[in-house]
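Chemist: Pasting the sequence and the predicted model now:
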Protein chains: 2
Amino acid sequence: MGKRARTTPTRQTTINDIARAAGVSKATVSRVLNSVETVNEDLAERVRRVITDLGYTPSQTARSLSLGVSRTVGVVVPDLGNPMFHQVLNGFNRAAANDGYHVVVADSFEDPERESVLAQDLRDRTDAVALFSPRMTRAALLELLPRIAPVAVFNRTTGKNAGSVRIDYHAGTIMIARHLIELGHRRIVFLAGPADARSNWEREKGLVEIRQAQPDADIIDVACGYSFEDGYRAWPAVRDTGATAVIAFNDVVALGLLGRLAEEKVSVPDDLSVAGFDDIPFSRYSSPSLTTMTARLADIGEQIWVVLRSEMTAEPLREPIMFSPGLAVRGSTKELS
Amino acid sequence: MGKRARTTPTRQTTINDIARAAGVSKATVSRVLNSVETVNEDLAERVRRVITDLGYTPSQTARSLSLGVSRTVGVVVPDLGNPMFHQVLNGFNRAAANDGYHVVVADSFEDPERESVLAQDLRDRTDAVALFSPRMTRAALLELLPRIAPVAVFNRTTGKNAGSVRIDYHAGTIMIARHLIELGHRRIVFLAGPADARSNWEREKGLVEIRQAQPDADIIDVACGYSFEDGYRAWPAVRDTGATAVIAFNDVVALGLLGRLAEEKVSVPDDLSVAGFDDIPFSRYSSPSLTTMTARLADIGEQIWVVLRSEMTAEPLREPIMFSPGLAVRGSTKELS
DNA sequence: GTGAAAGCGCTAACAC
DNA sequence: GTGTTAGCGCTTTCAC
């Protein structure tokens, strides 16, 4: 007797209380809750009354344990401060909610070590997880994937060990570079992102191709970063190159640079053309508006959800999904005068 | 015999598997997992080995049910597309993660009806919930609060029925208006937000005070909205008033207007001064940079977490926390010439 | 120090 | 159609 793990009850009202008050078994209450048709209508009505009278709502934790499913998924993001991820997350969340799923978000704060732990932890309390632009090594990723399946990955290749959705930064980079070259620019700076970031590496690869195809164009790498401040601070280095155009690692960096240029009385696009990546909402409204690689971020978020949902089925679609970027030519780029 | 609710197991490895493989009881495994000191070191080591060998991680769902606590909280947000909420959410998430809590977010898409349902649902699977700028009526809010406690509310009064954190938009509005009046402006447009939004109402109240204190200043209400597009489209209406300064409902609206003004060749701040609310990151980097009410959004998110955490204790701090805004005077406002 | 077993709040198979 | 009961995977009391 008296062998109980915990004395204090968790919830004030449980299915047992409802059953007792309605004078039925908890099985019947459960049936009513899940609208099983075979319940006698009078009984059902009585149970419903008691439920509303007592203001009862079932514990989703208990339900999850019993069902083996929580209708919740996790997302690991490297930097919740980046508007790009906000957009993708927004689309993902919207699509998930639409299918009756909840999403719990974990920020790894750009720490590759933390990603695996967070992913595992999330997986232990949800039905699946999505990894947004994981920073971990490929080896770590391939080791992690099978452990936390079902899983979908954004912006990394998975070798069909998981569903994946990617933005074709390689093609995007080429688009932007060609655009500037067509405008007559021959001395172009690339403000590079974090050296270890996969997506930066893809941009660099695109530039290598451009350099080969257009030997007369001089594309200069300048180490920069991914934040506003990084773009803001990059100006002196850019100026020293004597370039007439800049390709920034992303829109945030481009906008940071734009802010600095306004202070320095450097006219964009008259004195300098500037382009970015991602088409975050603000890029359309900056002055001048920003020429950028567009990527329909919310749609991508939605697509990641579709892939993740498919991972939760018997036969997931492992074919990598590649989003071809577009080019939004706006006010910040102009023909070389 | 054979009376089982579900045949297929949820997890591939459970605490039972570990116990069996290590030749101990699951109580011992549990002790090792939770680093209870009283376990024999040799046994503990054996258990640990089995755990890593089998790559076992405990089900957090089962753990939550048993403990009666999930170390997860929910947040209901009216619009995940608004950068303002991103900032607050970011601060909140950071602080929560720091205390070992997870956060699951639900977007109500500006639908007041949905807020209550989402809040209750979230509460049924977490330890507490935070309501960000709930749009529901006060009656609905007061009815909901006790049902979902522990709960914290952002930007609404709760009458001490829950912890609350607010931004003093009333004071902020007065600051901005005074700033413009001191610069000599006497004809000022207020681009109003959603009519039913509490925070818009507070701004209006501030303006009423200003109108009394400064009878010579003409402050004109122009219905607008809360989005980029709303600000962008507001230009004709603003022009028709002949105002020399604009107070936008928030930074997003202000930036939308700024974008339009650049297209229309209206010079800011020479022809028109513009100010906003919230100090979202982009406002610092727009051209011109935006004069705005600053609110340290990430700090506020952190504070909401502190309040929510206190709600989870025996004696919560119900004293409403009011954040006094500051004024960041930047490039978009200027003395009337 | 360790194990047996009750309990967290549900669901669903089975018996009646 | 309804109730009884085993079970989801953990934690913790109690007895040894």
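Modeler: Looks like it arrived, so ask away. Just so we're clear, the structure is a prediction, and the values are computed from it rather than from any experiment.

Chemist: In terms of helices and strands, where is A:Leu89?
Modeler: Assigned by DSSP states H and E, A:Leu89 falls within helix A:83-98.

Chemist: what's in contact with that helix?
Modeler: A:73, A:75, A:77-80, A:102-103, A:105, A:130, A:132-133, A:154, A:250-252, A:278, A:280-282, A:297-302, A:304-306, B:80-81, B:83, B:86, B:105-107 (CB atoms under 8 Å, 6 or more residues apart in numbering or on different chains). Heads up, the C-betas are built off the backbone N, CA and C, glycines and all.

Chemist: Over to stretch A:255-271?
Modeler: Here stretch A:255-271 makes contact (CB under 8 Å, 6+ apart) with A:191, A:227-235, A:238, A:246, A:248, A:272, A:274, A:276, A:282-283, A:286-288, A:290, A:331-334, A:337, B:282, B:284-289, B:331.

Chemist: likewise stretch A:190-204?
Modeler: With contacts defined as CB under 8 Å, 6+ apart, stretch A:190-204 is touched by A:133, A:135, A:155-156, A:167, A:169-170, A:172-173, A:207, A:219-226, A:230-231, A:234, A:238, A:246-250, A:253-254, A:257, A:277.

Chemist: Which members of those residues occur in strands, if any?
Modeler: Under the assignment DSSP state E, these contribute A:Ile167, A:Ile219, A:Ile220, A:Asp221, A:Val222, A:Ala223, A:Val246, A:Ile247, A:Ala248, A:Phe277 to strands.

Chemist: Which among the contacts of stretch A:255-271 count as buried?
Modeler: The neighbour count (16 or more other CB atoms under 10 Å in any protein chain shown) marks A:191, A:227-228, A:230-232, A:234-235, A:238, A:246, A:248, A:272, A:274, A:276, A:282-283, A:286-288, A:290, A:331-334, B:282, B:284-289, B:331 as buried among the contacts of stretch A:255-271.

Chemist: Excluding covalently adjacent residues, which one is nearest to A:Ser133?
Modeler: A:Asn155 (4.4 Å; CB to CB, 6 or more residues apart in numbering or on different chains).

Chemist: gap between the one you found and B:Thr14?
Modeler: 34 Å (CB to CB, to the nearest Å).

Chemist: what does A:Gly159 give?
Modeler: Noted for A:Gly159: a distance of 30 Å to B:Thr14, by CB to CB.

Chemist: So for those two, which residue has more residues nearby?
Modeler: Taking other CB atoms under 10 Å in any protein chain shown, A:Gly159 and B:Thr14 do not tie; B:Thr14 has more neighbours (17 against 12).

Chemist: what's near enough to touch that one?
Modeler: Counting by CB under 8 Å, 6+ apart, B:Thr14 makes contact with B:Tyr56, B:Ser59.

Chemist: same question, A:His170
Modeler: With CB under 8 Å, 6+ apart, A:His170 has these contacts: A:Glu202, A:Arg203, A:Lys205, A:Gly206.

Chemist: Could you give me the ChimeraX syntax to select whichever of those are buried?
Modeler: Typed into ChimeraX, the line below selects the buried ones among the contacts of A:His170, using 16+ other CB under 10 Å:
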select /A:202,203,206
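
Chemist: In helices, which of the contacts of A:His170 appear?
Modeler: A:Glu202, A:Arg203, A:Lys205, A:Gly206 (DSSP state H).

Chemist: Roughly how far does the second one sit from A:Val274?
Modeler: So that's A:Arg203. Per CB to CB, A:Arg203 is found 15 Å from A:Val274.

Chemist: Spell out the residue ranges of the helices in chain A.
Modeler: Here chain A has its helices, by DSSP H, at A:15-22, A:26-33, A:41-54, A:60-67, A:83-98, A:112-123, A:138-148, A:169-182, A:198-213, A:228-233, A:235-241, A:251-263, A:297-311.

Chemist: any idea which of these is most buried?
Modeler: Stretch with highest mean neighbour count among the helices of chain A: helix A:251-263 (a mean of 25; mean count of other CB atoms under 10 Å in any protein chain shown).

Chemist: taking the mean pLDDT, what do you get for that one?
Modeler: Across helix A:251-263, the average pLDDT comes to 92.

Chemist: relative to helix A:83-98, how tilted is it?
Modeler: What separates the directions of helix A:251-263 and helix A:83-98 is an angle of 140 degrees, with axes from the mean of the first three to the mean of the last three CA atoms, to 10 degrees.

Chemist: which regions of chain A sit below the pLDDT cut-off?
Modeler: A:1-9 (pLDDT under 70).

Chemist: Tell me how far the nearest residue to A:Ser116 once chain neighbours are set aside lies from DNA strand C.
Modeler: Leaving aside its chain neighbours, A:Ser116 sits nearest to A:Leu144 (5.3 Å; criterion: CB to CB, 6+ apart). Distance from A:Leu144 to DNA strand C, counting by CB to the nearest atom of the strand, to the nearest Å: 29 Å.

Chemist: okay but A:Leu144 is in contact with A:Met136, surely?
Modeler: Yes. Assessed by CB atoms under 8 Å, A:Leu144 is found in contact with A:Met136 at 7.4 Å.

Chemist: how many neighbours does the residue in the stretch 201-337 of chain A that DNA strand C sits nearest to have?
Modeler: As assessed by CB to the nearest atom of the strand, DNA strand C sits closest to A:Met312 within the stretch 201-337 of chain A, at 16.5 Å. The burial count assigned to A:Met312 is 16, neighbours taken as other CB under 10 Å.

Chemist: Same question for A:Phe277.
Modeler: Neighbours of A:Phe277 using other CB under 10 Å come to 28.

Chemist: Can you tell me how far it is from chain B?
Modeler: Distance from A:Phe277 to chain B, counting by CB to the nearest CB, to the nearest Å: 16 Å.

Chemist: what does A:Asn98 give?
Modeler: Using CB to the nearest CB, A:Asn98 is found at 11 Å from chain B.

Chemist: now A:Cys224
Modeler: For A:Cys224, the distance to chain B (CB to the nearest CB) stands at 15 Å.

Chemist: Across the sheet, point out what pairs with the residue found closest to that residue once you drop the neighbours it is linked to in the chain.
Modeler: Excluding its sequence neighbours, the residue lying closest to A:Cys224 (CB to CB, 6+ apart) is A:Leu191, at 3.9 Å. A:Leu191 has the following beta-bridge partners by DSSP bridges: A:Val222, A:Ala248.

Chemist: what sits against A:Ser35?
Modeler: With CB under 8 Å, 6+ apart, A:Ser35 has no contacts at all.

Chemist: The same query, at a cut-off of 10 Å, please.
Modeler: A:Ser35 sits next to A:Ala44 when contact means CB atoms under 10 Å, 6 or more residues apart in numbering or on different chains.

Chemist: Disregarding residues adjacent in the polypeptide, which is nearest to the residue of the stretch 151-300 of chain A found nearest DNA strand C?
Modeler: DNA strand C sits closest to A:Val151 of the stretch 151-300 of chain A, with a gap of 24.8 Å, by CB to the nearest atom of the strand. With sequence-adjacent residues excluded and distances taken as CB to CB, 6+ apart, A:Val151 is closest to A:Ala162, at 4.8 Å.

Chemist: So the one you found sits against A:Ile304, correct?
Modeler: No. Using CB atoms under 10 Å, A:Ala162 is not in contact with A:Ile304; the gap is 11.4 Å.

Chemist: what sits in contact with each of these two?
Modeler: Common neighbours of A:Ala162 and A:Ile304 (criterion: CB under 10 Å, 6+ apart): A:Ala130, A:Leu131, A:Ala152, A:Val153.

Chemist: Report how many residues lie close to the second one.
Modeler: The reference is to A:Leu131. Number of residues near A:Leu131 (other CB under 10 Å) recorded here: 32.
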